[in-house]
Structure formats: C-alpha cells, structure tokens
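A.B. asks: would you be able to build a 3D model of this:
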Amino acid sequence: PTQRVFINAVDVRRRFGISDMSLWRWVKDPAIGFPQPMRINNRRYFRVDEIEAFERRQLDGRAA
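C.D. replies: Predicted coordinates:
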C-alpha cells in the first residue's frame, strides 16, 4: 500500500509564499481547486500528492 505523506499549513504557506488568510481563501474558493485539508487536533494537514497535483495544474495553465 502507498503511504500518504502530509505537510502542515505552515509548510504549505511557505511553499507558496502566502499568508494564512490567503491559504484560507484558496481552500474556501472552489474555483481555485486547492486541496482540502485534513484536521488533526484542530491543525490543518494537506496531502503532498494533492499539493503537487495543484502545482502541476497551475503550471499547465500558464503554459497554455
């Protein structure tokens, strides 16, 4: 079985260079298509494979 790897919201914000409010907006806006977090002890964790897929979609959109 494939092991799921997660990163926390702080690392996601660093990765994209955004604020916590921007991350909140991205998660809440279905038009952006940002991955939904999983909550553990009221902290947000994102699957790395979903974050990477989002990045690829963004790059593909820029190339078109």
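A.B. asks: strands of this structure, start to end?
C.D. replies: For the chain, applying DSSP state E gives strands covering 6-8, 38-40, 43-47.
A.B. asks: between those, which gets nearest to K28?
C.D. replies: strand 43-47 (12.3 Å; C-beta to C-beta). Where you see a C-beta, it was placed from the backbone N, CA and C, and this is true even at glycine.
A.B. asks: and the contacts of the closest one?
C.D. replies: Defining contact as C-beta atoms under 8 Å, 6 or more residues apart in numbering, one finds that strand 43-47 is touched by R4, V5, F6, I7, N8, A9, V12, P35, P37, M38, R39.
A.B. asks: what about 7 Å?
C.D. replies: By C-beta atoms under 7 Å, 6 or more residues apart in numbering, the residues outside strand 43-47 that reach it are R4, F6, I7, N8, A9, V12, P35, P37, M38.
A.B. asks: and the strands of the chain as a markdown table, adding mean neighbour count, distance to E55 and mean pLDDT?
C.D. replies: Output for the strands of the chain, formatted as a markdown table (neighbours: other C-beta atoms under 10 Å; distance: least, C-beta to C-beta, whole Å; pLDDT from 0 to 100):
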| stretch | mean neighbour count | distance to E55 | mean pLDDT |
| --- | --- | --- | --- |
| strand 6-8 | 15 | 13 | 96 |
| strand 38-40 | 10 | 19 | 95 |
| strand 43-47 | 17 | 12 | 97 |
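A.B. asks: save these as CSV, and put in distance to G61 too.
C.D. replies: Formatted as CSV, those follow (distance: least, C-beta to C-beta, whole Å):
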stretch, distance to G61
strand 6-8, 22
strand 38-40, 26
strand 43-47, 20
